[in-house]
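> Coordinates only, no sequence provided:
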Ligand code: OSB
Ligand code: MG
């Protein structure tokens, strides 16, 4: 696939309701939408880096610079067959997994459009819909949290994830557990604790949680191992796993019993599939995480979650959980059984609503080959 030109769009989209994690509260979400043009066809990709370096060191601003100065010049005017081949170009660049994953997504979309196959088909996925849940931010009080959770249950979600942070953990989670004794419930600390401060989390072990996500720092596999020894609830790693190697090491040292895979965090679907397979070989379940994606990234996550070892519901909620109006014409809705249908059109299977795209675009730049 000859790469003719690439457009970067820096988007800011207002969220329907604010989203608070241990690293802060946001009212809107930023990302980069990539448009990769090849022989008259356009492939879309989403770089999920956020405005601030709270979840990851990578931000919209830094991803933009790395894409502009290093990644795009490597690709423009060249032939890139597929995601495997992309690695040949980008392999020398350290880090910036979200930028790499955004480019890779656009290539998958192009590949699907050129062959007429949906992404789930290209990945050899095994499902036509995937089980999903909803990730609920920290609320102003446990009472409001219960109301918010109750609303999502009314909408049909059967798995709830609560964000926690020091000072807003056991009280919030136990309040929800008392109100909903049978609910599939899990928590996510986004690395807000240390081995010492994590002692306050021990009572969570009695609340019958599906998992405790990323309690400790990103670069702290060993302390996760020490903590997992003290919990019967599985620890699930998110931020810590940015490469297939980390997945292998985490499993070897029993640092977790479940892994959340986000294609953006691990440098794309290709690496995501490798992590999926490593976990499957070791009998460890995975699930698909989310980054409040637009319809573009959501379509990719749905296709990814069709692989067989995705055995827990993903953080892939319906469009209306996030946005009043998305940049895709396609809207994702929740089925009665807490699933979302996987797109069936070629590539990602989504089309862009250009009016919404231009409304949300803060900055746009078109790059052509210099040859
Ligand atoms: O840790 O899973 C996380 C959103 C932004 C950054 C990190 C995380 C999240 C979520 C939201 O939990 C999941 C979603 O997209 O619904
Ligand atoms: Mg997480």
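Noted; the coordinates are in hand. Since we're looking at a predicted model, the values are computed, not measured. Numbering: from 1, shown residues only. Ligands and ions are numbered 1, 2, ... in the order given.
> Surely residue 79 is in contact with residue 2?
Yes. If you go by CB atoms under 8 Å, residue 79 and residue 2 touch, sitting 5.4 Å apart. All C-beta atoms are positioned from the backbone trio N, CA, C, and that covers glycine.
> what sits in contact with each of the two?
Common contact partners of residue 79 and residue 2 (CB atoms under 8 Å, 6 or more residues apart in numbering): none.
> Against ligand 1, how distant is residue 156?
Taking CB to the nearest ligand atom, to the nearest Å as the measure, residue 156 falls 15 Å from ligand 1.
> Touching, that residue and residue 338? I think so.
Yes. Between residue 156 and residue 338 there is a contact at 5.8 Å, judged by CB under 8 Å.
> Among these two, which residue is more densely surrounded?
For residue 156 and residue 338, the more surrounded residue by other CB atoms under 10 Å is residue 338, and the numbers stand at 20 against 16.
> how close does that one get to ligand 1?
Applying CB to the nearest ligand atom, the value for residue 338 to ligand 1 is 14 Å.
> Could you tell me the per-residue confidence at that residue?
Confidence at residue 338, expressed as pLDDT, is 98.
> mind listing what it touches?
Counted by CB under 8 Å, 6+ apart, residue 338 has contacts 131, 132, 133, 156, 157, 158, 159, 313.
> So what's the residue count around the third one?
Neighbouring residues of residue 133 were enumerated by other CB under 10 Å; the total is 24.
> before we move on, what SS does the residue nearest the centre of the chain have?
For the chain, residue 290 is the residue whose C-alpha lies nearest the centre (CA atoms, centre = their mean; 3.0 Å). Here residue 290 is coil, with the state taken from DSSP: H, G, I helix; E, B strand; the rest coil.
> what does stretch 117-131 contact?
108-109, 111-112, 115, 158-159, 269, 273, 288, 299-300, 302-308, 310, 312-314, 316, 335, 337-349.
> what's downstream of the strand ranked longest in the chain, the next helix or strand?
Ranked by residue count under DSSP state E, the longest strand found in the chain is strand 5-21. Proceeding N to C from strand 5-21, the next assigned helix or strand is strand 24-38, under DSSP states H and E.
> which strands and helices sit next to that following strand?
strand 5-21, strand 41-47, helix 60-66, helix 97-115 (3 or more CB pairs under 8 Å, 6 or more residues apart in numbering; DSSP states H and E).
> To ligand 2, which of those lies closest?
Closest of the helices and strands packed on strand 24-38 to ligand 2 is strand 5-21, at 8.1 Å (criterion: CB to the ion).
> Please enumerate the helices of this protein.
60-66, 72-75, 83-90, 97-115, 119-122, 142-155, 170-179, 221-230, 244-252, 269-281, 295-304, 319-322, 354-360 (DSSP state H).
> Where among the ones you listed is average confidence lowest?
For these, where the average pLDDT is lowest is helix 83-90, sitting at a mean of 91.
> And it, what does it pack against?
helix 72-75, helix 97-115, helix 269-281.
> Give me the buried stretch members for the shortest one, please.
Yep, that's helix 72-75 we're talking about. 72, 74, 75 (16 or more other CB atoms under 10 Å).
> Ok, the last one next?
Along helix 269-281, the positions that meet the burial threshold by neighbour count (16+ other CB under 10 Å) are 269, 270, 271, 272, 273, 274, 275, 276, 278, 279, 280.
> so how many other residues sit close to residue 110?
Neighbourhood size, residue 110 [other CB under 10 Å]: 26.
> Identify the residues contacting it.
Counting by CB under 8 Å, 6+ apart, residue 110 has contacts 1, 36, 38, 41, 42, 43, 347.
> Check the gap between the closest residue to ligand 1 within the chain and residue 87 for me.
Going by CB to the nearest ligand atom, ligand 1 is nearest to residue 290 of the chain, at 2.4 Å. Distance, residue 290 to residue 87, using CB to CB, to the nearest Å: 24 Å.
> mind checking pLDDT for the residue in the chain that ligand 2 sits nearest to?
Scanning the chain for proximity to ligand 2 using CB to the ion identifies residue 238 as nearest, at 3.6 Å. Note on residue 238: pLDDT of 98.
> Report how many residues lie close to it.
So residue 238, with other CB under 10 Å, has 22 neighbours.
> Residue 52 touches residue 24, doesn't it?
Yes. Using CB under 8 Å as the test, residue 52 is close enough to residue 24 to be in contact (7.0 Å).
> if we can go back for a sec, from the buried residues of helix 72-75, which single one is nearest residue 48?
residue 72 (18.0 Å; CB to CB).
> Spell out which residues make up each domain of this protein.
For the chain, the structural domains run 5-116+350-368, 121-341, going by automatic domain parsing.
> and this protein, which residues reach ligand 2?
188, 213, 238 (CB under 5 Å from the ion).
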